[in-house]
Every structure is written in structure tokens, then in C-alpha cells.
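**Q** sharing a model prediction with you, sequence too.
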Amino acid sequence: MRQDARKNRERILAAAEEVFGSRGATGSTEEVAQRAGVGIATVFRHFPTKEELIEAALLQHFDQLTERAYALAAKEDPATAWRDLVRAMIETGATKLTLASALADREGVPDTAGAASNRLKVAVSEILGRAQDAGTVRPSVTIEEVYLLIRGLAQASATMRPRSDVLERAIDVVLTGLSQSGRLPVDNG
């Protein structure tokens, strides 16, 4: 793929995540094209159907979170990596849920999205394990419990759009509840 075509594709996917991530299936490909700064024909050249565009935006969402998770895992401080990843997943979770629900007319989540979601879960599990080994997160916490809490806040954010300060405090409550000490570690960064 040519560099200009690759850049167009990246802009289209970023715009699609914004449009469909906030408005679901009611978003339009025309609005995606406008936000991406390309013509509608360019959008359809990359993604022949609206559903393919939404699916690609969802896959990119999972892939970006997975890349971020592995980048965070490379940090020396498991506590910071853990906090940053949980925050990112909750803060972007409403977008993910809206994108996934826009594909709900199909017969469930596409296999590609399920596989991308599983790759993310493996990365999150690794960071959870590192945080537990470092004594940051309670050893009894499971990935299923973490995902339930993340999804709960993401679902609430998708349906009621809380103020950012309220969401921040709610994330702090979740992180505190999962922590070994019952207190949030001090962030000296």
C-alpha cells in the first residue's frame, strides 16, 4: 500500500472510531470522510461497506490497546503499568462498546474482533500478574473480575457520559479496591 493510501486509511479509521464510537450505527460514512479529510469514494475504496469500516475501527481499537498494554508491560514499575492500563481501558471502553453494538445486527461479534479481544485479554492478564507479583494488586483478583469492573464503568460511561472528574474518582475506587493495601499507590511521576 502506498504511503498516502496508508495515511488516508489511518485517518479514516481514526475518524470512524470517533463517529461510530460516539454515535453507533447512526453515524454516517459521509461524516467519517469529512472528519478524515477525504472523499467518500476514498472511504469506500478502503472499506466497501459501513459494517467493514465499523469492524475495522473496532479491530484497531483492540490492537491499539494491546500495543499499549505491551508497551506498559515493558516499564519497570508494574504498579504504574497496571494503573495506566486499567484507566485506558475504562476511559476508552464506552467507544469499544458502542462500536461493538453497532455491529449487533450481525450474528454476534465478528471472529476477527473476538480474536483481537482475546489478544488484549492475554496482555492484560500478563500485566495483572506482574502487578500481583509486585504486591500491588491482591493475589486473589482474577482477570474475569477485572474485566467485569472495567466493563461496568465503561457501560455506565457509554450510557450516561459522566463528567471526567467523576469518572476519574470512580476509576480510583476500582483501583483502590483491587490494590493489595486498599490504598492507591502514590504516583511520583
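**A** Sure, I can see it. Residues are numbered from 1 along each chain as shown.
**Q** residues making contact with stretch 24-35?
**A** Defining contact as Cβ atoms under 8 Å, 6 or more residues apart in numbering, one finds that stretch 24-35 is touched by 12, 15-16, 18-20, 39-40, 42-44, 50, 53-54, 98-99, 101-102, 105. C-beta coordinates here come from the backbone N, C-alpha and C atoms, glycine included.
**Q** buried subset of those as a ChimeraX selection?
**A** With 16 or more other Cβ atoms under 10 Å as the burial test, the buried ones among the contacts of stretch 24-35 are selected in ChimeraX as follows:
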select :12,15,16,18,19,20,42,43,50,53,54,98,99,102
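**Q** mind checking which of the contacts of stretch 24-35 land in helices?
**A** Those of the contacts of stretch 24-35 mapping onto helices are 12, 15-16, 18-20, 40, 42-44, 50, 53-54, 98-99, 101-102, per DSSP state H.
**Q** any idea how far Thr42 lies from His61?
**A** Using Cβ to Cβ, to the nearest Å, we find Thr42 at a distance of 21 Å from His61.
**Q** mind listing what the nearest residue to Leu58 once chain neighbours are set aside touches?
**A** Distances taken as Cβ to Cβ, 6 or more residues apart in numbering put Leu99 closest to Leu58, at 4.3 Å, once the chain neighbours are dropped. Counting by Cβ under 8 Å, 6+ apart, Leu99 makes contact with Glu17, Phe20, Gly21, Gly24, Ile54, Ala57, Leu58, His61.
**Q** what about the fourth one, distance to Ser181?
**A** Okay, so that is Gly24. Distance check for Gly24 against Ser181: by Cβ to Cβ, it reads 40 Å.
**Q** comparing those two, which residue is more hemmed in?
**A** Shown here are Gly24 and Ser181; by other Cβ atoms under 10 Å, Gly24 has more neighbours (18 against 10).
**Q** quick check: that one is in a strand.
**A** No: counting by DSSP: H, G, I helix; E, B strand; the rest coil, Gly24 is not part of a strand but helix.
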